[in-house]
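Peer 1: Sequence first, predicted model second:
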Amino acid sequence: MIRFRKSTERGHARHGWLESYHTFSFAGYHDPRHMGFRDLRVINEDRVQPQRGFGTHSHRDMEIVSYVLEGALEHKDSLGTGSVIRPGDVQRMSAGTGVSHSEFNPSATELVHFLQIWILPAREGLEPSYEQKHFASAERSGALRLVMSKNGRLGSLRIHQDIDLYATLLDAGDAVEHALRPGRHAWVQLARGHCELNGIPLEAGDGAAVSDETTLRLAGAKDAEVLFFDLA
C-alpha cells in the first residue's frame, strides 16, 4: 500500500526570514492525520533568507538530520561543533540528554534551502553527538546511496534508530529499485524535480508512505533528488 502526501497538502509557515513547509505536524501546524510515519517525526522544507537563521535553542531525545539542497547552513552547538553544511553534505545531531545549537545562513545574497528531519531515537538518554559527511553527486547519481544507517555501514553516518536512509539523483532515463524486507516500511520524499514511484508521478515536495510492498521503483523524469527512508 502506498499513501501519497502531496506537497500542496503540507502545512505552511512564513515568518519573513523563514518560509517552511511541514510534511508532518510541527509547531503551529497540527493535523492529527499526519503526526509522522513510524519513527520519522518531522520533515520540514525550509528556506532561510541571507544573514538570518535559527538562534540558539535546545533539544533532547531526538535524532536531527539536515540535508542542504541549495546555499550553505552554518551550524554551532554546545558540544563545541562548528561547521558549514553544503549540498551533498548530510548532518546528524543526536540531542540525547540535551544539546543547544544554532543554524544560520552566512551568505549576504543567497537563500539556503534545506530539509530538516527529526527521527525518534531507539532509546532516551543518549549521550549527545554530532556527525557530518559529504556524499558526492557521482555517488548518488542513478543509484541509491546509503547515507545513514543504524550501524554506519558502507561509509554512512550512524543514527540511533533502525533506519536506512538513502539519497539518489535521477535524470530522465534513470531508475533505481529497492526491495523491502518483510515487515519493513518506507517513506519516499522528493526534495526537488520530478520522478515516478511505481509508475505514479511525483512533484517536488511530495512524499509517500509505503507499507506491505515488496519492491519500489523510482524512475527519473527531470532533475530529481530523492530521500528514501527504509523503516522498521
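Peer 2: Yep, that arrived. Numbering: from 1, shown residues only.
Peer 1: Tell me the spacing between the residue lying closest to Gly11 once chain neighbours are set aside and Gly98.
Peer 2: In space, not counting the residues next to it along the chain, Gly11 is nearest to Tyr29; the distance is 3.0 Å by C-beta to C-beta, 6 or more residues apart in numbering. In this view, the C-beta of every residue, glycine as well, is placed from N, C-alpha and C. When C-beta to C-beta, to the nearest Å is applied, the distance between Tyr29 and Gly98 equals 25 Å.
Peer 1: Comparing these two, which residue is more hemmed in?
Peer 2: Neighbours per residue, other C-beta atoms under 10 Å: of Tyr29 and Gly98, the larger number sits with Tyr29, 16 against 12.
Peer 1: Run through the bridge partners of the more buried one.
Peer 2: In this structure, Tyr29 has the following beta-bridge partners (DSSP bridges): Phe26.
Peer 1: can you check Glu19 too?
Peer 2: Beta-bridge partners of Glu19, counted by DSSP bridges, are Arg14, Arg47.
Peer 1: Using the record's domain definitions, break the protein down for me.
Peer 2: Partitioning the chain according to automatic domain parsing yields domains covering residues 10-134, 137-231.
Peer 1: What mean pLDDT does the last one get?
Peer 2: Per-residue pLDDT values over domain 137-231 give a mean of 97.
Peer 1: Run the chain-centre distance for the one helix or strand His101 maps to.
Peer 2: When secondary structure is defined by DSSP states H and E, His101 falls within strand 99-104. Relative to the mean C-alpha coordinate of its chain, strand 99-104 is positioned 17 Å out (C-alpha atoms, centre = their mean, to the nearest Å).
Peer 1: so what strands line up beside that strand?
Peer 2: Using DSSP bridges, the strands paired with strand 99-104 in its sheet are strand 53-59 (antiparallel), strand 73-77 (antiparallel).
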